[in-house]
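1. what's the 3D shape of this:
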Amino acid sequence: MHEDELDRRLEHFKEVCRHEGLKLTHQRMVIFEEVAKSRDHPDADTVFKSVRDKVPTVSLDTVYRTLWMLNAMGLITTVGPPREKVRFDGDVSPHHHFVCSRCGAVYDVHGPAFGPIQAPDEIEGIGQVESVRLELRGRCRRCASQIE
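-> Down below sits the predicted model:
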């Protein structure tokens, strides 16, 4: 990652924290920076180990709480299954999913607009694709209606 991009992300982080009235602590800055500079999509344990090298007093609980706070603020996002539990799907036919970012509900999405997706040729340099699925994230009708 270019240093300019990391600087831009850090500045955006500071602006959002100021706007939200959130204190810019050293621990929060270091935790955000670890995720912002990584291209590996680190999990919480990996972030914790990296942050602990710089801030030996940080706890795993602080890292988890900070990561979820950053996620809620839209400064980072999750990749993969929801945080509470892994979901299982008995329908192994090609289809996609809508995941509610608030309650975690998962809905199957079928239709011609979301037909089979082909992996781009650039994937060959990364690995061998076994399946391709699209995950749409947003708020389900029930959760969306509770906000209004």
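2. Could I get the contacting residues of the most centrally placed residue in the chain?
-> For the chain, Thr78 is the residue whose C-alpha lies nearest the centre (CA atoms, centre = their mean; 1.6 Å). Thr78 sits next to Asn71 when contact means CB atoms under 8 Å, 6 or more residues apart in numbering. The C-beta positions use only the backbone N, C-alpha and C, and glycine is treated the same way.
3. Need the pLDDT of the nearest residue to Val35 once chain neighbours are set aside.
-> Using CB to CB, 6 or more residues apart in numbering and skipping the chain neighbours, the partner closest in space to Val35 is Ile76 (5.3 Å). On pLDDT, Ile76 comes in at 88.
4. on that earlier part again, for the residue nearest to the centre of the chain, pull up the helix or strand it's in.
-> According to DSSP states H and E, Thr78 maps onto no helix or strand at all.
5. roughly how far apart are it and Val35?
-> 11 Å (CB to CB, to the nearest Å).
6. And the residue nearest to the centre of the chain, how far from Leu134?
-> The separation that Thr78 has from Leu134, given CB to CB, amounts to 16 Å.
7. How about Val35?
-> Counting by CB to CB, the gap from Val35 to Leu134 is 24 Å.
8. how many neighbours does Cys17 have?
-> 19 (other CB atoms under 10 Å).
9. I meant to write Glu124 there.
-> Using other CB under 10 Å, Glu124 is surrounded by 10 other residues.
10. Farthest from the middle of the chain: give me that residue.
-> Outermost residue of the chain (CA atoms, centre = their mean): Pro112, 27.5 Å.
11. Surely Tyr107 and Phe98 touch.
-> Yes: shown here, Tyr107 and Phe98 form a contact pair, counting by CB atoms under 8 Å, at 4.5 Å.
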